[in-house]
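K.L.:
I would like the atomic coordinates for the input below:
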Amino acid sequence: MQKLAKPALNLYALVLILWGISGMAYASGWLPWLIAMPPIDDAVARAILGSEFRFLHARELGVGLLTWACQSEILTSPRLSRAFLVVVWLAPVARLVALTADGRPNLLWNLFAWREVAMATVLTAALRRPLAVPEPSA
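P.N.:
This is a model prediction of the structure:
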């Protein structure tokens, strides 16, 4: 499983980087297609939604870039591995909260949720080695 750690981390980072860039650059195309959102007539509401969508995708881009830049530390530091896995598991937890609060989404969004659970599970298993190392006492 340790051999899988670096490729899994790279794939995770790459997906976030590409998803973040695409959402920031193409929000006007993503919103109607991906979310099946009808056009919004109110210019202010459209601007707010576009701004929030791009903001959230910028955060995904940032997490992807940070993952890419800090991968050796994530793979070796128990403290950073734990913090990273908390970030990774927050997405599936948010999907579960949305499922209970808002109801079941369409097939595409269910596939996104299962992909996130699968990736979080793989990363958790792949990072088992640094997680097993005790933190040095200060």
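K.L.:
list the buried ones in stretch 46-56?
P.N.:
Buried residues in stretch 46-56, counted by 16 or more other C-beta atoms under 10 Å: 49, 53-54. Using the backbone N, CA and C atoms, a C-beta is placed for each residue, glycine as well.
K.L.:
just checking, what packs against the lengthiest helix in the chain?
P.N.:
Secondary structure assigned by DSSP state H gives helix 43-69 as the longest helix of the chain. Helix 43-69 sits against helix 2-25, helix 27-34, with contacts defined as 3 or more C-beta pairs under 8 Å, 6 or more residues apart in numbering; DSSP states H and E.
K.L.:
highest average neighbour count across those helices?
P.N.:
helix 2-25 (a mean of 16; mean count of other C-beta atoms under 10 Å).
K.L.:
In the chain, where is pLDDT below threshold?
P.N.:
Filtered on pLDDT under 70, the chain yields the residue ranges 1-2, 130-138.
K.L.:
on that earlier part again, after the longest helix of the chain comes which helix or strand?
P.N.:
helix 71-76 (DSSP states H and E).
K.L.:
for that following helix, packing partners?
P.N.:
Packed next to helix 71-76, using 3+ C-beta pairs under 8 Å, 6+ apart, are helix 2-25, helix 78-102, helix 128-132.
K.L.:
With distance to residue 117 added, can I get the helices and strands packed on helix 43-69 in TSV?
P.N.:
Converted to TSV, the helices and strands packed on helix 43-69 look like this (distance: least, C-beta to C-beta, whole Å):
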stretch	distance to residue 117
helix 2-25	13
helix 27-34	20
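K.L.:
now the buried residues of stretch 46-56 as CSV including distance to residue 8?
P.N.:
Output for the buried residues of stretch 46-56, formatted as CSV (distance: C-beta to C-beta, whole Å):
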residue, distance to residue 8
49, 33
53, 27
54, 28
